[in-house]
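Undergrad: Any chance you could fold what I've pasted below:
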Amino acid sequence: MLEQLKQAQRNEITEHLVYQRLAELEKDPKNKKVLIAISKDERSHYFFWKKHTGVTMEPNMLKVHYYYWVSRIFGITFGIKLMEKGEDTAQGVYAEVAKVIPAAQKIVLDEHKHEQKLIEMLDEERLKYVGSVVLGLNDALVELSGALAGFTFALQNGGLIGIVGLITGVAASLSMAASEYLSQKSDANGLNPIKASIYTGSAYIATVIALIVPYFVFTNVFVSLGFTLVNVLLIIALFNYYISVAQDVSFKSRFLEMAGLSMGVAFISFLFGIAVKTFFGFDL
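TA: Below is the predicted model of the structure:
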């Protein structure tokens, strides 16, 4: 029990510093105020545990730096939600400790209130445009993975496939960005049409680059296709992990759906490439 209390004490002072740094990062006054309040609560929890352990525990600075930079890179919403998942375990420990130290029940209640405040405060621009990112990302994954699979058998020239894929991808990204601009302009949902189109186009271009790189690296086009499909699965996995944490949605169902669509289209396009090459009978 003493070791659990010490660990709880260290977690509290660590999370105090994490929230403090996130508050310094946050520009929204309301969100900043809530983060500062939670940071102070975590500090008071630390001193509560210190009364029972009688020792001073140093914060886990590696964890502090980790959550700080995760929030800087992926957004404060993602950083907070990721850290919040760790608090689920802490609440279980506190509930057990409360059987021996009744005052610990207040800590448990405070942790639950923290979660509610966090849910209420999460209002980040990048999450408002997740739909635009999904549009660009999903379209690029499905269309370009399918196109590259077809090009692979029809053309069988790595450099040529890469160039054709790049031209196709850039043209498609501009088309998608323009379509998203017009779509948001006619939809009174409060989103900025220009920002929405930039998010869509940027997601599309980034995906295009990730998918065509193998064709400029490997000489065997089928090895290139294999690495491209691996990249497709990695992109889908990383993006859906981000969304599952930031928006509390199921990772598995979204991943399987996107992966199934992309792999299915790639397989059909590969068969179509075989048919085209056989029908026209040309070699490059």
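Undergrad: ok, residue 67 to residue 159 distance?
TA: Residue 67 is 43 Å from residue 159, where distance means CB to CB, to the nearest Å. Where C-beta positions appear, they are placed from N, C-alpha and C, glycine not excepted.
Undergrad: ok, those two, which is more surrounded?
TA: Neighbour tally, residue 67 and residue 159, criterion other CB atoms under 10 Å: the higher count belongs to residue 67, 23 against 12.
Undergrad: Leaving aside the residues adjacent along the chain, what's closest to that one?
TA: residue 18 (4.8 Å; CB to CB, 6 or more residues apart in numbering).
Undergrad: quick check: domain ranges of the chain?
TA: As assigned by automatic domain parsing, the chain contains the domains 2-123, 126-280.
Undergrad: for the protein, where's the lowest mean pLDDT among helices and strands?
TA: Lowest on mean pLDDT, DSSP states H and E among the helices and strands of the chain sits helix 104-121, with a mean of 68.
Undergrad: who touches the residue nearest to residue 67 in this structure?
TA: For residue 18, the contact set (CB atoms under 8 Å, 6 or more residues apart in numbering) comprises 63, 64, 67, 68, 83.
Undergrad: Let's have the residues you listed in CSV, adding distance to residue 264, secondary structure and pLDDT.
TA: As requested, the contacts of residue 18 are exported to CSV (distance: CB to CB, whole Å; DSSP: H, G, I helix; E, B strand; the rest coil; pLDDT from 0 to 100):
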residue, distance to residue 264, secondary structure, pLDDT
63, 41, helix, 90
64, 44, helix, 91
67, 38, helix, 89
68, 40, helix, 87
83, 37, helix, 81
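Undergrad: Most neighbours among those residues, which one is it?
TA: Within the contacts of residue 18, residue 67 tops the neighbour count with 23 neighbours, counted by other CB under 10 Å.
Undergrad: Please report the distance of that residue from residue 241.
TA: As judged by CB to CB, residue 67 and residue 241 stand 16 Å apart.
Undergrad: what does residue 72 give?
TA: Following CB to CB, the distance that separates residue 72 from residue 241 is 18 Å.
Undergrad: By mean pLDDT, show me the worst of the domains of the chain.
TA: Comparing mean pLDDT across the domains of the chain, the weakest is domain 2-123, with a mean of 80.
Undergrad: How many residues are close by residue 264?
TA: Residue 264 sits with 13 neighbouring residues when counted by other CB under 10 Å.
Undergrad: Secondary structure class of it, three-state.
TA: Assigned with DSSP: H, G, I helix; E, B strand; the rest coil, residue 264 falls in the helix class.
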